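# here is a sequence together with a model predicted from it:
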Amino acid sequence: MKKLYLLLITLLMTTVSFAQVFITELADPNDNADARYIELYNAGPSVVDLSTWRIDKYTNASATVSQTLALTGTIPSGGFYIIATGPSDSVIFDTWGVTPNQWDPVANDVAGSNGDDNLELYSGTTLIDQFGVPGVDGTATNHEFEDGRAERRASVTTGNATWDVAEWDIDSDAGTGAGPQNVADSFDPGAWVGTSTTPTIVVSGPLTGFDYFVGAGPSVEKTFTVEGNNLTVDISVNAPTNFEISTTSGSGFAASLNLRMTTGTVTATTVYARLVAGLGANSYNGDVTASSTGATSKTVALSGTVTATDPLITITGTAITGLDYVEGAGPSAEATFDVEALFLTGDLTVTPPTGFEVSITTGAGFASSVALTNTGGTVATTTIYIRSVAGQTGNAILSGNITASAAGATDKTLAVSGKVFSTTLTNALVVTGVFDALDGSSPKGVELLVIKNIADLSYFGLGSANNGEGTDGQEFTFPAVSVTQGQYIYAIGSGQTAKFTTFFGFAPDYESGALFINGDDAIELFENSVVIDLFGDINVDGNGTAWEYLDSWAYRNANTGPSGTFTVGNWTFGDVGNLEATTNAASTAPYPAKTYTNTLAISQQQLLDGFSLYPNPVRGGLLNVQSPSNTVKNISIFDVIGQQVYQRNTTKTEINISNLKAGLYFVKVQQDGKIATRKLVVE
């Protein structure tokens with residue numbers, strides 16, 4: 001029995017012994033990542049052999065061990081064990097004059113842990129101590145010590161196999177504690193506040209955001225902690241002018257308080273702070289001071305603002321664009337923004353610019369302005385719906401500022417814009433070439449020619465139909481700039497300007513993700529949301545077709561286009577692979593840039609006189625398309641998103657459109673070099 005007692009006592013002593021070796025500091029200096037270290041301390045009564053000890057590291061959010069460091073040597077009673085990282089073990093000595101007990105030089109090693117990693121200290125298979133939570137990335141958590149340090153509080157005497165942030169003082173670049181720490185700041189390898197006999201005080205902070213409006217104080221409460229060790233007297237905590245403190249939330253606030261020490265210690269105590277009531281509009285700041293005889297005083301910075309109760313309006317949202325529609329098909333789709341207000345003496349009025357209307361309800365109640373009633377001076381956050389007004393004429397450019405106003409308040413505004421597309425198309429832009437250069441990598445894009453002056457290019461746009469999967473609609477809209485007849489425009493894939501410039505010797509005009517085209521993709525050119533020119537078949541993968549331009553190019557023949565129907569005979573093609581070169585000039589068959597001519601451009605844009613379309617609306621599927629001559633005319637019909645739904649070359653005046661669903665369409669007729677466009681309603 002005595003032997004059993006001796007065995008139990010031995011096991012108990014061993015357990016107590018190894019449990020009293022624990023982590024006291026983790027260092028990640030802001031200005032020297034090579035000076036990171038881990039500090040262990042032996043609070044037990046005897047030397048501990050570390051040959052069976054290890055530290056496991058969990059990198060970032062890893063739930064499994066990322067790296068393991070086997071410890072060596074011994075740690076005496078009351079002694080420290082420093083594990084250093086860096087290019088050599090001399091870094092710690094050169095930095096702080098301390099020789100490390102063990103050097104861990106592996107890249108991103110255990111001792112070189114970032115401030116978002118987690119660590120566990122083991123003796124054999126027994127978990128002795130833990131920092132952080134394995135499986136949780138420390139970033140923005142209570143165990144982040146990025147660019148700072150984590151130090152064990154003096155009251156801790158043993159390791160803890162469960163993470164407890166209350167045992168640690170942590171400084172980091174996330175704003176915890178004293179913030180980021182440089183080498184010259186508070187690092188002290190080989191020393192720990194828990195072993196010092198000098199009176200010490202430790203505080204957390206700083207604290208910001210003690211805000212309120214005039215007449216609404218005091219501010220919200222915020223907290224910091226104070227603790228002390230080796231004290232000879234209590235800690236006195238004094239608030240700065242205009243602030244007050246308490247050890248109880250909601251009551252007991254005063255300009256100062258006393259934290260009683262017991263046997264030289266004030267355990268970590270939560271102190272509540274707030275900005276006092278009754279202050280005028282201003283910014284306020286100052287330092288709480290914690291002091292005790294023989295200890296270095298510590299401060300916690302506090303700051304807040306008292307805001308005047310002047311009427312205040314807020315609009316939340318970014319500039320609203322794209323409230324567009326085709327003439328005769330309005331209003332536009334809706335967009336939203338939020339408004340709110342404080343300290344009003346009257347109602348809040350929201351007024352859009354001319355051409356727009358607003359409502360507080362989607363789909364209904366739209367008017368030239370809305371009035372929001374204040375309740376006790378406040379208008380709660382309210383969503384406002386806005387759209388372009390129906391019935392506006394084609395080619396209208398709508399823009400201006402939404403204004404939120406109230407008596408005595410500064411107006412707040414938000415920009416809004418839209419367009420009304422005309423049903424009369426100018427066909428003033430034509431696709432003249434497509435290219436897929438440098439072995440399918442870059443640059444890729446489209447060449448266009450302006451065949452008639454365009455006052456606002458934003459009525460035009462491009463779309464790419466990839467791999468025969470049909471139209472994606474207009475994916476890129478040109479900016480609202482003017483361009484002149486004879487001007488070439490190059491639109492290429494995003495991020496390809498440098499490669500384009502090197503390849504062709506001049507800079508492109510626009511970039512868009514929609515123009516990452518391959519040699520099997522079709523291109524659609526839109527005007528007023530209607531397809532006016534087309535390269536390729538949007539419903540056919542171009543691989544192996546007559547219009548494939550893989551690692552090559554296609555160029556429009558003179559005096560052809562624009563046309564919403566693709567005719568392969570109107571194009572000249574390079575052979576596959578012709579543009580596999582570093583420059584266009586070095587290619588086996590260079591792309592014929594800027595060589596397209598269109599001597600018929602002016603006549604192609606003349607209107608087709610004597611044209612009529614009836615009945616309109618049409619019922620029963622038969623539509624009469626009357627033109628001044630019996631020559632062949634090209635009839636194309638498009639839906640409101642620009643998809644061509646009918647096309648035929650004919651001399652007949654009556655066509656069958658019974659397959660079209662009810663809705664709004666656009667009919668384009670080209671005959672004898674002239675053009676006409678009309679809106680069509682199918683019922």
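Received the coordinates, thanks.
# now do stretch 290-310: distance to the chain's middle.
Mean-position distance between stretch 290-310 and its chain equals 35 Å (Cα atoms, centre = their mean, to the nearest Å).
# now do the end-to-end distance for it.
38 Å (Cα to Cα, to the nearest Å).
# what comes up buried for that stretch?
In terms of neighbour count (16 or more other Cβ atoms under 10 Å), stretch 290-310 has its buried residues at 290-292, 295, 298-300, 302-307. Glycine gets a C-beta too; all of them are placed from N, C-alpha and C.
# next step: those restricted to strands.
Judged by DSSP state E, strands contain the following of the buried residues of stretch 290-310: Ala290, Ser291, Lys298, Thr299, Val300, Leu302, Ser303, Gly304, Thr305, Val306, Thr307.
# tell me where the stretch 101-250 of the chain has strands.
Assigned by DSSP state E, counting those that start in this stretch, the stretch 101-250 of the chain shows strands spanning 102-103, 118-123, 126-131, 149-152, 168-171, 200-203, 212-213, 222-229, 235-238, 243-246.
# Val91 is nearest to which of those?
Closest to Val91 of the strands of the stretch 101-250 of the chain is strand 102-103 (Cβ to Cβ; 9.2 Å).
# average pLDDT across the closest one?
Strand 102-103 comes out with an average pLDDT of 90.
# then stretch 513-523?
pLDDT averaged over stretch 513-523 gives 92.
# give the buried residues for that stretch.
Buried-residue list, stretch 513-523, by 16+ other Cβ under 10 Å: Ala514, Leu515, Phe516, Ile517, Asn518, Gly519, Asp520, Asp521, Ala522, Ile523.
# my read: the fifth one touches Asp551, true?
No - taking Cβ atoms under 8 Å as the contact criterion, Asn518 and Asp551 are not neighbours in contact, 9.2 Å apart.
# rewinding a little: please identify the most buried of the strands of the stretch 101-250 of the chain.
Of all the strands of the stretch 101-250 of the chain, strand 149-152 has the most neighbours on average by mean count of other Cβ atoms under 10 Å, namely a mean of 26.
# okay, the ones in strands among the buried residues of stretch 290-310 in TSV with pLDDT next?
Formatted as TSV, these follow (pLDDT from 0 to 100):
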residue	pLDDT
Ala290	97
Ser291	97
Lys298	94
Thr299	95
Val300	95
Leu302	97
Ser303	97
Gly304	96
Thr305	96
Val306	95
Thr307	89
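# now for those: which two are most distant?
Ser291 and Thr307 (33.0 Å).
# ok, now which ones touch the residue lying closest to Ala455 once chain neighbours are set aside?
Nearest residue to Ala455, sequence neighbours excluded (Cβ to Cβ, 6 or more residues apart in numbering): Ser482, at 5.3 Å. Contacts for Ser482 (Cβ atoms under 8 Å, 6 or more residues apart in numbering) come out as Asn453, Ile454, Ala455, Asp456, Leu457.
# filter those down to the buried ones, PyMOL style.
Command for PyMOL that selects the buried part of those, burial taken from 16+ other Cβ under 10 Å:
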select buried, resi 454+457
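# got the phi and psi for the nearest residue to Thr321 once chain neighbours are set aside?
Spatial nearest neighbour of Thr321, chain neighbours left out: Ser417 (5.1 Å); criterion: Cβ to Cβ, 6+ apart. Dihedral angles phi and psi of Ser417 (degrees, to the nearest 10) take the values phi -150, psi 160.
# in this structure Ser417 contacts Ala335, no?
No - contact criterion Cβ under 8 Å: Ser417 and Ala335 do not qualify, at 10.5 Å.
# list the contacts of Glu244.
Per Cβ under 8 Å, 6+ apart, neighbours of Glu244: Pro218, Phe253, Ala254, Ala255, Ala273, Arg274, Val276.
# low-scoring pLDDT stretches of the stretch 101-250 of the chain, where are they?
107-108 (pLDDT under 70).
# hmm, 80 instead?
105-108, 186, 196, 205 (pLDDT under 80).
# where does Phe666 land in three-state SS?
With DSSP: H, G, I helix; E, B strand; the rest coil as the basis, Phe666 sits in strand.
# hang on, the earlier thing: between Ser417 and Ala335, what contacts are shared?
Ile320, Gly322, Leu323.
# for the last one, which residues are in contact?
What that stands for is Leu323. With Cβ under 8 Å, 6+ apart, Leu323 has these contacts: Ser332, Ala333, Ala335, Phe356, Ile386, Arg387, Ser388, Leu398, Val416, Ser417, Gly418.
# the first one: neighbour count?
Residues contacting Ser332 under the criterion other Cβ atoms under 10 Å number 23.
# who's in contact with it?
Leu323, Asp324, Tyr325, Arg387, Ser388, Gly418.
# so when I look at it, I'm seeing a strand, right?
No - Ser332: not assigned to a strand; according to three-state DSSP it is coil.
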